[in-house]
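Colleague: structure, please.
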Amino acid sequence: MADVFDLFGDPVPPNWGERGRPQHVPTQQNRNRVSLLVALGWSAPRIAAALFVTAPTLRKHYFSELKFAQVARDRLVAQLGIKLLEGVNAGNVSAIREFQKYLERNDLMLYGQTVPQPRKQAADKPVKPAKIGKKAEEELAAHSPNEGTPLGELMARRQQGLNS
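Modeller: Okay, the predicted model is just below:
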């Protein structure tokens, strides 16, 4: 019954339809997912949760993918390089540009450097004052009286008396 597949192309477990929960059947798609998530640095419990399996089930069926955790990132980067090289050989201009960036990052990695960050020009530009809204501007004007009028002069004296 191992050669029987369901409508989605996944193999049907041997005890399907019998008592108890059917055993998890690893698929190539799930193996690829686990390899990718290991390469991205995900923990085993997090990967298990993403696949809707328990951590022991993950270790039981995907032990070979979990075993290569130390080199998974390098394998992923190498696979990316191979795909880029295929695009370069096909004459794809955007693949050529990306492959050049790929080579530059690789060269920087060899010499222990990081990708250079673009310079920020914020220090060269003057800092603009923060804009205040219409309501806030009106409220500010209401609390600062116009001393050119008799009423404004009276309000200013009262505010000075309260602040003293």
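
Colleague: any idea how far the residue minimising distance to the centre of the chain is from F63?
Modeller: Geometric centre of the chain, nearest residue: L40, 10.7 Å, by Cα atoms, centre = their mean. Shown here: L40 relative to F63, a distance of 19 Å by Cβ to Cβ, to the nearest Å. C-betas here are computed from N, CA, C, even on glycine.

Colleague: go on, N15?
Modeller: In terms of Cβ to Cβ, N15 sits 22 Å off from F63.

Colleague: of the two, who's got more company?
Modeller: Under the neighbour definition other Cβ atoms under 10 Å, N15 and F63 were set side by side, and N15 has more, 12 against 9.

Colleague: tell me the pLDDT of that one.
Modeller: If you check N15, the pLDDT there is 71.

Colleague: and the average pLDDT for the host helix or strand of L108 is what?
Modeller: Using DSSP states H and E, L108 sits within helix 93-110. For helix 93-110, mean pLDDT is 88.

Colleague: likewise stretch 22-42?
Modeller: 88.

Colleague: any buried residues in the helix or strand hosting G81, and which?
Modeller: Assignment of secondary structure by DSSP H and E places G81 within helix 72-89. For helix 72-89, the neighbour count (16 or more other Cβ atoms under 10 Å) marks 72, 84, 87-88 as buried.

Colleague: now the helix holding L108 against helix 72-89, angle please.
Modeller: Relative orientation of helix 93-110 versus helix 72-89 (axes from the mean of the first three to the mean of the last three Cα atoms, to 10 degrees): 140 degrees.

Colleague: measure how far the helix or strand that helix 93-110 is followed by is from the centre of its chain, please.
Modeller: Note on helix 93-110: by DSSP H and E, the next helix or strand toward the C-terminus is helix 134-143. Centroid separation for helix 134-143 versus its chain: 42 Å, with Cα atoms, centre = their mean, to the nearest Å.

Colleague: next, the angle from the helix or strand following helix 134-143 to helix 134-143.
Modeller: Remark: after helix 134-143, the chain's next helix or strand is helix 150-163, criterion DSSP H and E. Computed by the same axes, to 10 degrees, the angle separating helix 150-163 from helix 134-143 equals 90 degrees.

Colleague: contacts for helix 150-163, please.
Modeller: 145-147 (Cβ atoms under 8 Å, 6 or more residues apart in numbering).

Colleague: by neighbour count, which of those wins?
Modeller: Going by other Cβ under 10 Å, P145 tops those with 17 neighbours.

Colleague: quick one, phi/psi of that residue?
Modeller: Taking degrees, to the nearest 10, you get phi -70, psi 150 for the backbone angles of P145.
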